[in-house]
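Trainee: missing the sequence, but the structure's below:
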């Protein structure tokens, strides 16, 4: 006998909770970012701007006094504050007289191929989106032309960049539009600029799940073709516009992840150094290898420039975590990045207001807390930038 659904049935409870949560998130967003407001990148002190450019503050001050470059905001205390656009303008100015090409604009040159970085792990909570967002923003602030792609239907990367999937994407606008099997649109039509110079975004939402549903049907009807090339093929038309693409993959080994893996030139696997997470990663790696074999057997080139493991939410004072880290470094050696992403209240608190650590003001935290978290992120992202430079044949 089938029980008739009641008003307290699971599906009605879930639907009610979903609608209630969406409404509350919308109210929170309206409070943080009113309809007539747009998210903006904070300004940088002269010391921060000089550090981003790799010069000393006295030289930056001399440029200002000589009337070269943009005019920064000057406070009543005679302190200079530079916008992210000011920093980019200074990069372009300094590059014209640089001793070596690429000292200030480190992106691709003739013959360098587009770097496509897939950030993945099929266990939620591994720090995948946090890693993707901070990496994309760091590279953009360093002068690289970056495209960030949110391939996760949960769309956390999208929300971090000021786009609310439920409200701002009512009629599509995700990568699904460019990789679907019927009437795909040019990928340029779903790329939107962000409030950070050099950083563009392809947002995500639940619509991405349609690719997971449609691919089996397309395969059974013989219309899927080499489905795992759909992300790579879509990116072909914009590859000259960017130096680096950062893809935040979904936390599952589905068709979206397989297509992202086929497009990637580099892979970052996030690991939270806890035993259950490491056991889960073991299954992830085995399944990934099996799927890549299947794709390779279909004629795809599954070689990558590099693959690295990223330690996330790491607590140096946690003895069990240290044992796991030592275990991973013994097994994988140089494939584990030296710099971990430290667990920090600064990073998590910034996320509460849909910001990264590069966006929040240093004054929002104690100096030691902010500096400790920022140093770990800069070291981690700097290692990835070094990998990219080495791939291009530079040191």
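Mentor: Sure thing, it's come through. What you are looking at is a predicted structure, and each value in this text was computed from that prediction instead of being measured. Residues are numbered from 1 along each chain as shown.

Trainee: what are the ranges of the strands in the stretch 101-250 of the chain?
Mentor: 115-120, 146-150, 192-193, 199-202, 244-248 (DSSP state E, counting those that start in this stretch).

Trainee: what's the third one packed up against?
Mentor: Contacts defined by 3 or more CB pairs under 8 Å, 6 or more residues apart in numbering; DSSP states H and E place strand 192-193 against strand 199-202. C-beta: built from backbone N, CA, C; applies to glycine.

Trainee: I'd like to know which elements the strand it packs on is packed against.
Mentor: Contact partners of strand 199-202 among helices and strands, from 3+ CB pairs under 8 Å, 6+ apart: helix 128-141, strand 146-150, strand 192-193.

Trainee: just those: most buried one?
Mentor: Ranked by mean neighbour count, those are led by strand 146-150 with a mean of 28 (mean count of other CB atoms under 10 Å).

Trainee: so what's the gap between that one and the chain middle?
Mentor: Computed by CA atoms, centre = their mean, to the nearest Å, the separation of strand 146-150 from the middle of its chain amounts to 6 Å.

Trainee: got it, and stretch 191-202?
Mentor: Worked out by CA atoms, centre = their mean, stretch 191-202 lies 12 Å from the chain centre.

Trainee: now the residue nearest the centre of the chain: how far from residue 301?
Mentor: The residue lying closest to the centre of the chain (CA atoms, centre = their mean) is residue 132, at 2.5 Å. Relative to residue 301, residue 132 is positioned 24 Å away (CB to CB, to the nearest Å).

Trainee: what does residue 312 give?
Mentor: The value you get for residue 312 to residue 301, if CB to CB is used, is 29 Å.

Trainee: the more surrounded of the two?
Mentor: Taking neighbours as other CB atoms under 10 Å, residue 312 and residue 301 compare with residue 312 leading, 23 against 8.

Trainee: neighbours of residue 265, just the number please.
Mentor: 18.

Trainee: on the pLDDT front, check it for me.
Mentor: pLDDT, residue 265: 95.

Trainee: and it, how far from residue 39?
Mentor: Distance of residue 265 to residue 39, computed by CB to CB: 30 Å.

Trainee: what does residue 181 give?
Mentor: Per CB to CB, residue 181 is found 34 Å from residue 39.

Trainee: quick one, what contacts the closest residue to residue 106 other than its chain neighbours?
Mentor: Nearest non-adjacent residue to residue 106, counting by CB to CB, 6 or more residues apart in numbering: residue 143, 5.6 Å away. With contact taken as CB atoms under 8 Å, 6 or more residues apart in numbering, residue 143 is in contact with 88, 91, 104, 105, 106, 107, 198.

Trainee: and residue 377, by the same measure?
Mentor: Listed by CB under 8 Å, 6+ apart, the contact set of residue 377 reads 134, 138, 341, 347, 357, 358.

Trainee: in JSON lines, list the contacts of residue 143 along with neighbour count.
Mentor: Conversion of these to JSON lines gives the following (neighbours: other CB atoms under 10 Å):
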{"residue": "88", "neighbour count": "22"}
{"residue": "91", "neighbour count": "23"}
{"residue": "104", "neighbour count": "21"}
{"residue": "105", "neighbour count": "21"}
{"residue": "106", "neighbour count": "21"}
{"residue": "107", "neighbour count": "19"}
{"residue": "198", "neighbour count": "26"}
